[in-house]
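A.B. asks: quick one, what's the 3D model for this:
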Amino acid sequence: MELSALELEPFKARFIAQGVGVAFANALRRIMIAETPCMAIDEVAIIENSSVLFDEILAHRLAMIPLTTPEDKYELPSRCTCKGKGCSKCQARLFLDVRCDGGGTKTVYSGDLKPEDPEVAPAFKDIPIVKLARGQSVVLEAYATLGVGRDHAKWQPTSACAYKYMPIITVDAGKCNGCGACVESCPKRLLDASGGSVKVLKPVDCSLCLECEGACEEGAIRVGWDESSFIFYVETTGTMKASTLVVKAARILRSKAEEFLQKLAGTG
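C.D. replies: Coordinates of the predicted model:
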């Protein structure tokens, strides 16, 4: 398998995986979405809540705030020595104490959550939680743990995760008369006919919509794909870097394959 990066930002990545099958590509995608652990608020102890939101709704909104996830610092509660009862190895605490003492209203934001561990903090500071009127307050303790997306969406580290086949666009110079119909029909503007013949500018951006084929009456352009090459697009919620997510998912996939081979060898 060969990997090549097309775009790499802190929370967004686009890369090409060559020499793999669709089963491998889909397994990697599903692991990134549902089996890569990340931190999220799992329990909330409400000390005081005089806001307009019920305790349950407030707790749910807190749970959906993305938290930064340090590497190899916390364990899944099910694998921790405390057996999920809560300790410093599997649990991180955050505190919220906001009051509206002045006139008007006050909006409580995710940045108002004060983490006990600076490495487990809201990924973004400007997520609104609740609006307080004069005299209202919210005081609570929140407990964050590692979890996986298959158990709850709050532990899903991706906001977008998809792949497509590597497009292959071919132009038959013998049939192409340079009319430009395919150029005009392409929603991605990937074709150019300024030189009298159609040229493909950036095939990796093709969405495989086949609009160009339908617009060409001469049948000079054909769109296909390579079934052993895939273009991945990954965007995280901010809980971890996109590159970290891909690496973690690949490690989980490898461990699953190794475990399968061990069990297979044991049955012989």
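A.B. asks: quick one, what contacts residue 51?
C.D. replies: Applying C-beta atoms under 8 Å, 6 or more residues apart in numbering, we find residue 51 in contact with 58, 108, 130-132, 136-138. For the C-beta atoms, the positions are set from N, CA and C on the backbone; glycine is no exception.
A.B. asks: which residues pair with residue 144 across the strands?
C.D. replies: Counting by DSSP bridges, residue 144 is bridged to residue 41, residue 92.
A.B. asks: shouldn't it be in contact with residue 39?
C.D. replies: Yes: with contacts counted by C-beta atoms under 8 Å, residue 144 reaches residue 39, the gap being 4.9 Å.
A.B. asks: shared neighbours of the two, which are they?
C.D. replies: Jointly contacting residue 144 and residue 39 under the rule C-beta under 8 Å, 6+ apart are 67, 92, 120.
A.B. asks: quick one: buried ones out of the residues you listed?
C.D. replies: Among those, the ones that count as buried by 16 or more other C-beta atoms under 10 Å are 67, 92, 120.
A.B. asks: nearest to residue 192, of these?
C.D. replies: Nearest to residue 192 among these: residue 67, at 45.9 Å, using C-beta to C-beta.
A.B. asks: okay, now the domains of the protein?
C.D. replies: According to automatic domain parsing, the chain is divided into the following domains: 2-34+160-169+200-215+224-233, 39-155.
A.B. asks: straight-line length of the longest one, end to end?
C.D. replies: Translated: domain 39-155. By C-alpha to C-alpha, to the nearest Å, the extent of domain 39-155 from end to end equals 7 Å.
A.B. asks: for that domain, the averaged confidence score.
C.D. replies: With pLDDT averaged residue by residue, domain 39-155 scores 94.
A.B. asks: could I get the contacting residues of the nearest residue in space to residue 165 that is not next to it in sequence?
C.D. replies: Once flanking residues are discounted, residue 165 sits nearest to residue 225: 3.5 Å by C-beta to C-beta, 6 or more residues apart in numbering. For residue 225, the set of contacting residues under the criterion of C-beta under 8 Å, 6+ apart consists of 164-168, 208.
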